[in-house]
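K.L.:
Return a 3D structure for these sequence lines:
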Amino acid sequence: GDTVNAYELSASKFFQEGIEECADAIALEVGVPYEGNTEGAGADHVSTCGGGSPNAPDTAHVFTLNKPSIVTITVEAEDWDPIVYLRNDCDSVGSEIDCADDPETINALLDPGTYYVIVDAWGQGEGDYIITWEIEDPVCLPGERACVGNLAAICADDGSGYEPLGQCEGICNEDTGTCD
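P.N.:
Below you'll find the model as predicted:
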């Protein structure tokens, strides 16, 4: 007779209490440090930088912006090497806006919307961390034109200020930020 081998495949996922999926991401408050721990969290995400491991436990955080803002996110950990990444779709690697490892700081000009910050690890690291985030208004919006004296200028890609385009021979038109 034929012998049939039966195999049973069992898979389980362990999560940090209350953090089961992106829908349960921890809300971040501006300027308020959040003390977290990745121990026992699921290994749900993979980053595009720092050798992020699909085996390392990670936690998701969420925040919403109501207007364009320059955002600075910092993650600190003492006994392990974290990686931090920013996405506009928690589950999609393709939506990653930025990824940081050594130092674990992200600076980005973001449009209004909801964003996810994933704290992950290099290798299989895990442990306590502190995450902080700050926002500031951009000086200008990227691509916006202006006159600085008689100099036509355009806003930098990061919204931090204007970059000169050139000295106007005549007058810089305040309405268009171009030379007339």
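
K.L.:
going forward, measure contacts and count neighbours with C-alpha atoms only.
P.N.:
Fine.

K.L.:
Please give the centre-to-centre distance between stretch 23-40 and its chain.
P.N.:
Computed by CA atoms, centre = their mean, to the nearest Å, the chain-centroid distance of stretch 23-40 equals 13 Å.

K.L.:
Give the buried residues for that stretch.
P.N.:
If you call a residue buried by 16 or more other CA atoms under 10 Å, then stretch 23-40 has these buried ones: 25-26, 28, 33-34, 37-40.

K.L.:
Mind putting those into JSON lines with pLDDT?
P.N.:
Rendered in JSON lines, the data for these read as follows (pLDDT from 0 to 100):
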{"residue": "25", "pLDDT": "90"}
{"residue": "26", "pLDDT": "90"}
{"residue": "28", "pLDDT": "93"}
{"residue": "33", "pLDDT": "93"}
{"residue": "34", "pLDDT": "93"}
{"residue": "37", "pLDDT": "87"}
{"residue": "38", "pLDDT": "86"}
{"residue": "39", "pLDDT": "83"}
{"residue": "40", "pLDDT": "79"}
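
K.L.:
Pull out the buried positions in stretch 98-113.
P.N.:
For stretch 98-113, burial by neighbour count (16+ other CA under 10 Å) applies to 98-101, 104-110.

K.L.:
how about the strands of this protein, start to end?
P.N.:
All strands of the chain, identified by DSSP state E, fall at 26-27, 34-37, 59-65, 69-76, 82-87, 96-100, 105-110, 113-121, 128-136, 145-148, 151-155, 162-167, 172-173, 178-179.

K.L.:
Out of these, which gets nearest to residue 49?
P.N.:
strand 96-100 (5.9 Å; CA to CA).

K.L.:
Run me through the strand neighbours of that closest one, direction for each.
P.N.:
strand 82-87 (antiparallel) (DSSP bridges).

K.L.:
residues in contact with residue 108?
P.N.:
70-72, 98, 158 (CA atoms under 8 Å, 6 or more residues apart in numbering).

K.L.:
Please list only the buried members of these.
P.N.:
Applying 16+ other CA under 10 Å to the contacts of residue 108 flags 70-71, 98, 158 as buried.

K.L.:
Can you tell me which of the residues you listed comes closest to residue 44?
P.N.:
Once CA to CA is applied, the member of the buried ones among the contacts of residue 108 that ends up nearest residue 44 is residue 98, at 17.8 Å.
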